[in-house]
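# what's the 3D shape of this:
(one chain, ligands or ions: 1)
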Amino acid sequence: MSTVGTRLYEHTTEAPARGRLRLVQLYPRDMNIYGDWGNTLVLARRAQWHGYDVELSSYDVGDELPSHVDLLVGGGGQDSGQERIKEDLARSGPTLRAWAADGVPVLAICGLYQLLGHRFLTGEGSQIPGIGLIDAETRAGQSRLIGNITLATEDFGDVVGYENHSGLTTLGPGARPLGTVRVGDGNNGRDGTEGARVHHVIGTYLHGSLLPKNPVVADWLLARAVEHAGGTWEPEPLDDTWAHNARAVAVSRPR
Ligand code: GLN
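So this is what the prediction gives:
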């Protein structure tokens, strides 16, 4: 029997809430490595700090997608995890594409980023089809690209994270990069691009987790989610000292 994911968490503010956000984490059972779950925790927690109620559920292979969602998050995984979700992703793909076109913000890290593209050609010579939400294609490379990475981005300033992938991603004309690599390899170690953006979708290789060290990106996703939910984004001024300290340490570390 299929279920509408698993309700993981629900928070209702004591003061009258500024809105209610429905967050869904995609495929946490198979795609959730190198601390990617931290992205979801940051989104849920910052939404509360900004005065919004949060409903968080998971969506795994065989589940039913909820009828409404305001924000989607998905993590990285090994090639084997990507193999396990591929059929289900083909089934959920049309809905995910329609939601993204409707303005639902999406954050997809590494393995899921690859599968939001057209396809991933593995080192074993097999092809894992993607859903074509992002105009990008990935091929396994000869070595792994591993280490701290820093990007320059137009909308978020410098973004810091940690990459660990063998896939080499090439963007098509329908996607723009998330940023330009300052230190690290990014999409493919060749063209200086990292990640991809289309609609309100961000695909990126940055684990870390990404959002604890990049609160500007977290709040951008939340703002888009609030707008999608029909509300107005009225953020609280938050103390991000810890995040800034973590960024400074990550940037100072050798690769
Ligand atoms: N299996 C993919 C690769 O190595 C994704 C890895 C990941 O999600 N960290 O390219």
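
# And Ser143, how close does it get to Gly203?
Remark: distance between Ser143 and Gly203 (Cβ to Cβ, to the nearest Å) = 22 Å. C-beta: built from backbone N, CA, C; applies to glycine.

# ditto for Ser80
20 Å.

# Looking at the two, which is more packed in?
The neighbour comparison of Ser80 against Gly203 (other Cβ atoms under 10 Å) goes to Gly203, with 30 against 9.

# residues touching the more buried one, list them.
By Cβ atoms under 8 Å, 6 or more residues apart in numbering, the residues touching Gly203 are 108-109, 112-113, 116-117, 134, 136, 178, 195-197.

# got it, and Arg97?
Counting by Cβ under 8 Å, 6+ apart, the residues that Arg97 touches are 131-133.

# Show the backbone phi and psi for the one residue in the stretch 1-150 of the chain that gets nearest to the ligand.
The minimum distance from the stretch 1-150 of the chain to the ligand, using Cβ to the nearest ligand atom, falls at Gly76 (2.6 Å). Backbone torsions for Gly76, taken as degrees, to the nearest 10, come to phi -90, psi 170.

# What separation do you get for the nearest residue to it once chain neighbours are set aside and Gly186?
The shortest distance from Gly76 to any non-neighbouring residue, by Cβ to Cβ, 6 or more residues apart in numbering, is to Cys110 (3.2 Å). Applying Cβ to Cβ, the value for Cys110 to Gly186 is 12 Å.

# for Ala15, same thing?
Ala15 is 42 Å from Gly186, by Cβ to Cβ.

# Settle it for me: which of those two has more neighbours?
Neighbour count, other Cβ under 10 Å: between Ala15 and Gly186, Gly186 has more, with 28 against 6.

# State whether that one is indeed within a strand.
No. In this structure, Gly186 is coil, not part of a strand, as judged by DSSP: H, G, I helix; E, B strand; the rest coil.

# That one and Ala196 touch, don't they?
No. Contact criterion Cβ atoms under 8 Å: Gly186 and Ala196 do not qualify, at 10.7 Å.

# re the thing from before, who touches both of Cys110 and Gly186?
Common neighbours of Cys110 and Gly186, counting by Cβ under 8 Å, 6+ apart, are 163, 205.

# pretty sure the residue nearest to Gly76 contacts Tyr205?
Yes. Counting by Cβ under 8 Å, Tyr205 is a contact partner of Cys110 at 5.3 Å.

# Now for the two: what residues contact both?
Counting by Cβ under 8 Å, 6+ apart, the residues touching both Cys110 and Tyr205 are 163, 165.

# of those two, who's got more company?
Counted by other Cβ under 10 Å, Cys110 and Tyr205 do not tie: Tyr205 has more neighbours, with 29 against 26.

# That one: what's it in contact with?
Residues counted as contacts of Tyr205 (Cβ under 8 Å, 6+ apart) are 109-110, 113, 145, 149, 161, 163, 165, 169, 186-187, 194-195.

# can you rerun that using 6 Å?
Each residue near Tyr205 by Cβ atoms under 6 Å, 6 or more residues apart in numbering is listed here: 110, 163, 165.

# In helices, which of those residues appear?
Among the contacts of Tyr205, the ones falling in helices (DSSP state H) are Cys110.

# isn't there a strand covering Gly141?
Yes. Going by three-state DSSP, the assignment for Gly141 places it inside a strand.
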